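Participant: give the three-dimensional model of this entry:
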Amino acid sequence: MQTAKPIELHGKPVAGGKFPLVCTPLIGRTREQILHELQVVLAKKPDILEWRVDFFDGIGNAADVIGVASAIKSTANGVPLLFTRRSVHEGGEKIALSEEQVITLYQAVCASGQVDAIDFEMNNDPAHITQVREAAKANDIKLVLSFHNFSFTPNGDTLNQRFLQADELGADIAKVAVMSRNPEDALTLLSATLSASQKLRIPLISLSMGPYGSLTRLFGWSFGSALTFAVGESSSAPGQLPIEDLNTVLAIVKKSIAGSH
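Facilitator: Numbering: from 1, shown residues only. Model (predicted):
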């Protein structure tokens, strides 16, 4: 059933090769809010944490950003940290940094060694992608190249091209997230996921947002998506499910699939 590759960090599969991994976002505005959120989330045993730094009021000060990343890492008991600045164009929060300043921030965070992976959008300037990729590679940090469409689900060919583009741009992990407005959209995303997982050299993450998108969050792993997102305390995208509900469904589906062989 499983066709995809598990995500590895620092030469080892995350959570012993668990498939799919469950990632929970941290979206606090202040250091205090983030560390409170972290305590709530850790109790629910996620496999990966994602810090959405575009929500952080202190994003303009690299030392503050690195300080929070360090605090997360020291508290997280080995749970890996994915560092993400989501741009406004792809559903993120508005920030006061130029793109050049964002690149400088990514470079500083990579050099700090306080994160395990970074997410950067494949629609960014190719020169910026190169700079971020080189910073990640130099510091043994995995690069997720991502594409988000919060309006609709492109056709299957377009989705497959996006997965392939991430691979061609030197990503360690490809991510595609789109909006499902009906069951057909969810099916399009799942079909593209299965196709890409059989072709790509790298692990992939796929999901749909919105109510119908919840189907892809629950079942996308069986089509090849190596990771799914769940709410620990606060949602970072429409359609995210509470981690407890997600884990319950994953256990039931895995048991059913295993029992059918």
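Participant: okay, now the closest residue to Ser151 other than its chain neighbours: neighbour count?
Facilitator: By the measure of Cβ to Cβ, 6 or more residues apart in numbering, the closest residue to Ser151 outside its immediate chain neighbours is Met179, 5.8 Å from it. Backbone N, C-alpha and C define where each C-beta goes, glycine included. Summarising burial for Met179: neighbours were counted as other Cβ atoms under 10 Å, giving 21.
Participant: which strand residues bridge Met179?
Facilitator: Bridge pairing for Met179 (DSSP bridges) gives the partners Met209.
Participant: list the contacts of it.
Facilitator: The contact partners of Met179, by Cβ atoms under 8 Å, 6 or more residues apart in numbering, come to Asn149, Phe150, Ser151, Phe152, Thr153, Asp185, Ser208, Met209, Gly210, Gly213, Pro238.
Participant: how far away is it from Ile205?
Facilitator: Remark: distance between Met179 and Ile205 (Cβ to Cβ, to the nearest Å) = 16 Å.
Participant: wouldn't Thr188 be in contact with Thr158 here?
Facilitator: No. The pair formed by Thr188 and Thr158 falls short of the contact definition of Cβ atoms under 8 Å, at 9.7 Å.
Participant: the two: who's more crowded?
Facilitator: Neighbours around Thr188 and Thr158, counted as other Cβ under 10 Å, are more numerous at Thr188. The numbers are 21 against 15.
Participant: for the host helix or strand of the more buried one, output the C-alpha coordinates as PDB.
Facilitator: According to DSSP states H and E, Thr188 maps onto helix 183-199. Backbone C-alpha positions of helix 183-199 (Å, rounded to 0.1, in the frame of the first residue of the first chain) are rendered in PDB as follows:
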ATOM      1  CA  PRO A 183     -15.100  15.700  -3.200                       C
ATOM      2  CA  GLU A 184     -13.700  15.700  -6.800                       C
ATOM      3  CA  ASP A 185     -11.000  18.200  -5.800                       C
ATOM      4  CA  ALA A 186      -9.900  15.900  -2.900                       C
ATOM      5  CA  LEU A 187      -9.800  13.000  -5.300                       C
ATOM      6  CA  THR A 188      -7.700  15.000  -7.800                       C
ATOM      7  CA  LEU A 189      -5.100  15.800  -5.000                       C
ATOM      8  CA  LEU A 190      -5.000  12.200  -3.800                       C
ATOM      9  CA  SER A 191      -4.600  10.900  -7.400                       C
ATOM     10  CA  ALA A 192      -1.700  13.300  -8.000                       C
ATOM     11  CA  THR A 193      -0.100  12.300  -4.700                       C
ATOM     12  CA  LEU A 194      -0.200   8.600  -5.700                       C
ATOM     13  CA  SER A 195       1.300   9.400  -9.100                       C
ATOM     14  CA  ALA A 196       4.000  11.700  -7.700                       C
ATOM     15  CA  SER A 197       5.000   9.300  -4.900                       C
ATOM     16  CA  GLN A 198       5.700   6.600  -7.500                       C
ATOM     17  CA  LYS A 199       7.900   9.000  -9.600                       C
END
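Participant: how about the strands of the chain, start to end?
Facilitator: If you assign secondary structure with DSSP state E, the strands in the chain sit at 8-9, 12-13, 21-26, 48-52, 81-84, 117-121, 142-149, 173-179, 204-209, 227-231, 241-242.
Participant: okay, the ones you listed in JSON lines with mean pLDDT next?
Facilitator: Rendered in JSON lines, the data for the strands of the chain read as follows (pLDDT from 0 to 100):
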{"stretch": "strand 8-9", "mean pLDDT": "97"}
{"stretch": "strand 12-13", "mean pLDDT": "96"}
{"stretch": "strand 21-26", "mean pLDDT": "96"}
{"stretch": "strand 48-52", "mean pLDDT": "98"}
{"stretch": "strand 81-84", "mean pLDDT": "98"}
{"stretch": "strand 117-121", "mean pLDDT": "98"}
{"stretch": "strand 142-149", "mean pLDDT": "98"}
{"stretch": "strand 173-179", "mean pLDDT": "97"}
{"stretch": "strand 204-209", "mean pLDDT": "96"}
{"stretch": "strand 227-231", "mean pLDDT": "92"}
{"stretch": "strand 241-242", "mean pLDDT": "86"}
